[in-house]
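**Student:** coords below, sequence missing:
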């Protein structure tokens, strides 16, 4: 069963440890204490929501952003991670479906996400769930 996780939940330390593993997976140094504090701050401030299965076999993070042209909201999936030991069990799709159902129930206009163009597994998951590429936009970043 997938649930939203808050810093006061008994499962939070395990989810925070998995989030640290996710960071390491993408080349960041492990920082368990800092990761747990940062994640708790983001959730407590309402900037982030985190969902995970009860066994912390994966996680998904979202944020809600204004959809100004339609005077609504959009949900943005920021992170989706299932560690290699838990892959091929349907966890990623269940996490994604959990967010889609919650966003729809909240009246969101859309769910958006991004991934690297060579992440074939993620692209297959996302297109299989109904996501479509947005070719009319370019993503730009300003490193600070």
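**Tutor:** Arrived safely. All of these numbers come straight from a predicted model, not from anything done at the bench.
**Student:** Distance check, residue 75 against residue 142.
**Tutor:** According to Cβ to Cβ, to the nearest Å, residue 75 and residue 142 sit 24 Å apart. The C-beta positions use only the backbone N, C-alpha and C, and glycine is treated the same way.
**Student:** Compare these two (neighbour count), which wins?
**Tutor:** residue 75 (23 against 4; other Cβ atoms under 10 Å).
**Student:** List the contacts of that one.
**Tutor:** Residues in contact with residue 75 (Cβ atoms under 8 Å, 6 or more residues apart in numbering) are 62, 63, 64, 65, 99, 102, 103, 106, 108, 110, 111, 112.
**Student:** Which of these sits closest to residue 31?
**Tutor:** The closest of the contacts of residue 75 to residue 31 turns out to be residue 63 (Cβ to Cβ; 21.4 Å).
**Student:** how near is residue 108 to residue 65?
**Tutor:** Applying Cβ to Cβ, the value for residue 108 to residue 65 is 10 Å.
**Student:** Need the residues touching each of the two.
**Tutor:** Shared contacts of residue 108 and residue 65, counting by Cβ under 8 Å, 6+ apart, come down to 73, 74, 75.
**Student:** Give me the more crowded residue out of residue 108 and residue 65.
**Tutor:** It is residue 108, of residue 108 and residue 65, that has more neighbours when counted by other Cβ under 10 Å, with 21 against 12.
**Student:** Backbone dihedrals for that one, please?
**Tutor:** Dihedral angles of residue 108 (phi, psi; degrees, to the nearest 10) stand at phi -60, psi 150.
**Student:** Residue 75 too?
**Tutor:** When quoted as degrees, to the nearest 10, the phi and psi of residue 75 stand at phi -100, psi 140.
**Student:** So it versus residue 105, what's the distance?
**Tutor:** Remark: distance between residue 75 and residue 105 (Cβ to Cβ) = 11 Å.
**Student:** Please render the shared contacts of residue 108 and residue 65 as JSON lines that adds distance to residue 3 and pLDDT to the earlier fields.
**Tutor:** Converted to JSON lines, these look like this (distance: Cβ to Cβ, whole Å; pLDDT from 0 to 100):
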{"residue": "73", "distance to residue 3": "21", "pLDDT": "96"}
{"residue": "74", "distance to residue 3": "23", "pLDDT": "96"}
{"residue": "75", "distance to residue 3": "17", "pLDDT": "97"}
